[in-house]
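Asker: pasting the sequence and the predicted model now:
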Amino acid sequence: MTCEPIVIGATCDDQINYGETVDLLFTYTDENGDPVDLSSATPAIFSSSPDVIKADTEITVADAAAGKVRFLLDRTSALSLRKGRNNRFRLQVIFGADSDDVTPDIYLQVT
């Protein structure tokens, strides 16, 4: 757990350019840093601003054994993102009827 905001797109290595497809890979890990098995999990966007992130993002388990979740927002939808650090969402992984995990806000910084 981190107290610092999670910002994607803030460095040259992970830059998000306005109007480009946003294709990200997240890894769920346990307290020891080991990948969480997502075999029976369902990923979703819990909340977002702007709403286009929740409405149009394709969120899938990319590699269940490695704890990988893929976030894909196509180019047309990405045109609705705002420039700067003005886009945020919370990722949710549902493990069953009584178990889920929701991240803190994740910011997308668009240049």
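Answerer: Ah, there it is. Note that the coordinates shown come from a computational prediction; the quantities given were computed from them, not determined experimentally.

Asker: may I see the buried residues of stretch 72-79?
Answerer: 72-73, 77-78 (16 or more other C-beta atoms under 10 Å). Just so you know, the C-beta spots here come from the backbone N, C-alpha and C atoms, and that holds for glycine as well.

Asker: what is the nearest of those residues to Phe26?
Answerer: Leu72 (11.7 Å; C-beta to C-beta).

Asker: quick check: bridge partners of that closest one?
Answerer: Beta-bridge pairing of Leu72 under DSSP bridges involves Asp23, Glu58.

Asker: per-residue pLDDT, it?
Answerer: Here the pLDDT value assigned to Leu72 is 98.

Asker: show me where the chain has helices.
Answerer: All helices of the chain, identified by DSSP state H, fall at 52-56, 75-78.

Asker: out of those helices, which gets nearest to Pro104?
Answerer: Nearest of the helices of the chain (C-beta to C-beta): helix 52-56, 15.2 Å.

Asker: just the CA atoms of that closest one, as PDB, please.
Answerer: Extracted in PDB, the C-alpha atoms of helix 52-56 (Å, rounded to 0.1, in the frame of the first residue of the first chain):
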ATOM      1  CA  VAL A  52     -15.800   7.400 -20.500                       C
ATOM      2  CA  ILE A  53     -13.100   5.400 -18.600                       C
ATOM      3  CA  LYS A  54     -15.700   3.200 -16.800                       C
ATOM      4  CA  ALA A  55     -18.100   3.100 -19.800                       C
ATOM      5  CA  ASP A  56     -15.600   2.200 -22.600                       C
END
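
Asker: show residues contacting it.
Answerer: For helix 52-56, contacts defined as C-beta atoms under 8 Å, 6 or more residues apart in numbering pick out 45-48, 73-74, 77, 80-81, 87-89, 108.

Asker: one more time with 10 Å
Answerer: 22, 44-48, 59, 71-74, 76-82, 87-90, 106, 108 (C-beta atoms under 10 Å, 6 or more residues apart in numbering).

Asker: ok, Asp34 touching Gly67?
Answerer: Yes - using C-beta atoms under 10 Å, Asp34 is in contact with Gly67, at 8.2 Å.
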